[in-house]
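Trainee: This is a predicted model, with the sequence first.
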Amino acid sequence: MRALVQRVVRASVHCSGQERKIGRGLVIFLGVGSEDLDSDARKLAEKCAQLRIFSNKDGKFDLSLLDIKGEALIVSQFTLYGDCRKGRRPDFSGAMAPQQAEPLYERFVENLRSLGVRTETGEFGAHMEVDLINDGPVTLWIDTVGKE
């Protein structure tokens, strides 16, 4: 699994005529790869919840999403698996097929919620408009491939 994680002041996603919003926390753009397992969804959710990227009183990255009681907005994004090394059109063959990817996406969401994170989501596979105010800016790439 791949996550592009952005620390935000606030964020929202608009899809299917609805708006879902969060306050201070993380926007997590989540891609599911063709080799991903349930264990990847669990590990990545734990990593996102416990990642110390919020500043303490001294300005040092020392606090996690759990520590600040922050919120998360999760947006499915298969394009994180776009390979642009050849040609001019991205190759998305590294992304898992939507029918298999959606349950893993949902497990990631469930895992994050089970850790106590208030979570909003976009709509899997839908066209969405995402608004966010990046705090810092702080943006990180997390990939479960080859990680323990």
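Mentor: Perfect, I can see it now. Numbering: from 1, shown residues only.
Trainee: what element comes up after the longest helix anywhere in the chain heading to the C-terminus?
Mentor: Criterion DSSP state H: the longest helix present in the chain is helix 98-114. Proceeding N to C from helix 98-114, the next assigned helix or strand is strand 118-121, under DSSP states H and E.
Trainee: how far away is Gly25 from Ala97?
Mentor: In this structure, Gly25 and Ala97 are 30 Å apart, going by Cβ to Cβ, to the nearest Å. Backbone N, C-alpha and C define where each C-beta goes, glycine included.
Trainee: out of these two, which sits in the busier spot?
Mentor: Gly25 (25 against 10; other Cβ atoms under 10 Å).
Trainee: Show me what the longest helix of the chain is packed up against.
Mentor: Under the contact criterion of 3 or more Cβ pairs under 8 Å, 6 or more residues apart in numbering; DSSP states H and E, helix 98-114 touches helix 38-50, strand 71-76, strand 118-121.
Trainee: any idea how far the longest one is from the chain center?
Mentor: In other words, helix 38-50. 10 Å (Cα atoms, centre = their mean, to the nearest Å).
Trainee: Pull out the buried residues from it.
Mentor: Residues of helix 38-50 classed as buried by neighbour count (16 or more other Cβ atoms under 10 Å): 40-45, 47-49.
Trainee: same question, stretch 128-139
Mentor: In stretch 128-139, counting by 16+ other Cβ under 10 Å, buried: 128, 130, 132, 135.
Trainee: ok so, going back, greatest separation within the buried residues of helix 38-50: which pair is it?
Mentor: Distance extremes for the buried residues of helix 38-50: the farthest pair is Asp40 and Ala49 at 14.9 Å, using Cβ to Cβ.
Trainee: In contact with the most centrally placed residue in the chain: list those residues for me.
Mentor: Residue closest to the mean C-alpha point of the chain, counted by Cα atoms, centre = their mean, is Ile28 at 2.1 Å. Ile28 makes contacts with 3-5, 48, 72-75, as judged by Cβ atoms under 8 Å, 6 or more residues apart in numbering.
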